[in-house]
Each structure stands twice: as C-alpha cells, then as structure tokens.
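Engineer: got a predicted model here, sequence first, then my questions.
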Amino acid sequence: MNTNLSQTTTAAEVIDLEGACEFYRQRRDGLRELATLANDALEQIKRQHLPALRTALAQVAEAEASLRDAVRDAPADLWRRARSRVIHGVKVGWQKARGKVTFDDEQKVIDRIRRLLPTVQAELLIRVRESVHKPAVYDLTAGDLRRLGITVEDDCDQVVVKDLESELDRALEALLVDIAELDA
C-alpha cells in the first residue's frame, strides 16, 4: 500500500480513502465497459450504413452539378429581374462573388496605406493588437506580479480526482456529445 501520507494519519483514515478510491475505480471501470460497448455498437452501425451514405452523397453531388449546369444554361432573361429565386426550398441563380484579397508584400501595403490614406481610414485598414500573454505571467515572481498590478485569482488548493487514463475521458466526452445530438 503506497499512500504517501504523513505519520499523523490514522489507519482508519487511510482505509477509508483507499476504499473510496477502490469504489471510484470500480465505477469508472464499469463506465468504461459500457462506453466501449456503446462505441463498438456505434461503429458497427456506421459501417453498416456507410455504403448507402456514400451512394447518397455521390447522388447529391451529381444532382448539384446538374442544377448548376441548368442555372448556367438558363436564358439570361430569366435572371434579369431577380438574380436569384427560391424554388422547392432551394435558392438558385446568380450572386456576386466576394472575391479574394491578395498582395505580395503585406508590410509594403501597410506602408502605402499609412502614406497615401487619411489616418482615420488607415486605422480601419490596419489591425494592431497588444495584449498580456497570460501563460507567461504565471512565471513571474509574487513581487513582480504585485509591482505590475497583476493578481492571480482562484489559486487555492482544491480537491483533485482525475483518472490517469485520459483516453476514457476523451471517449466519454465524444459519447456525451453524440448522446446530446441524439436527444436534440
């Protein structure tokens, strides 16, 4: 029994803590078994339906390509009044593409914006962001934190119960998301 507890701890307290850990482990192992069964069943269902899903996906892609061709081939007069329409719950027609902003050298563009445009407009076009890098703050000493006016909140001792087998935790989180989606 490796408990790493101090000399003042009584045997009854150690047994109580050990029993609670054993009880917790049994419950986690039971949950792991159920989660494994559920995941195996889900994978089997996915494999069972995968061919039909692939076929349906290919059919939808083919139908979309045909629809795009039909829009392209439709007489121009059809789109003169309204550039798009909703037919059977599907919006079809034409719309202006947003386009893609490109430039070779971002710094040169920034310099030109500052030189050629008013300051107010330049401030809208150029993004400048400064912030405190919080993960680095944890490396500062208490004195430095005080001098800088930084406080670290909620840094008290707290009870920790963590199963060292994190794979199960990830699998359970995924399972809970799946269950939530099924319930929705």
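Structural biologist: Cool, the structure landed.
Engineer: distance between the host helix or strand of residue 26 and the chain's centre?
Structural biologist: Secondary structure assignment for residue 26, by DSSP states H and E: helix 11-73. Centroid separation between helix 11-73 and its chain, computed with C-alpha atoms, centre = their mean, to the nearest Å, is 17 Å.
Engineer: ok, now stretch 128-144?
Structural biologist: The answer for stretch 128-144 is 25 Å, by C-alpha atoms, centre = their mean.
Engineer: just the CA coordinates of that stretch, formatted as PDB?
Structural biologist: What follows is stretch 128-144 as a C-alpha-only set of coordinates in PDB (Å, rounded to 0.1, in the frame of the first residue of the first chain):
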ATOM      1  CA  VAL A 128      -2.800  46.400 -34.400                       C
ATOM      2  CA  ARG A 129      -3.300  44.200 -31.300                       C
ATOM      3  CA  GLU A 130      -1.500  44.200 -28.000                       C
ATOM      4  CA  SER A 131      -2.400  42.000 -25.000                       C
ATOM      5  CA  VAL A 132      -0.800  40.500 -22.000                       C
ATOM      6  CA  HIS A 133       0.400  36.900 -22.700                       C
ATOM      7  CA  LYS A 134      -1.300  35.300 -19.700                       C
ATOM      8  CA  PRO A 135       0.500  31.900 -19.800                       C
ATOM      9  CA  ALA A 136       3.900  33.800 -19.400                       C
ATOM     10  CA  VAL A 137       2.500  35.700 -16.400                       C
ATOM     11  CA  TYR A 138       2.500  32.500 -14.300                       C
ATOM     12  CA  ASP A 139       6.300  32.500 -14.500                       C
ATOM     13  CA  LEU A 140       6.600  35.900 -12.700                       C
ATOM     14  CA  THR A 141       7.500  36.200  -9.000                       C
ATOM     15  CA  ALA A 142       5.000  37.400  -6.500                       C
ATOM     16  CA  GLY A 143       6.900  40.700  -6.200                       C
ATOM     17  CA  ASP A 144       6.800  41.300  -9.900                       C
END
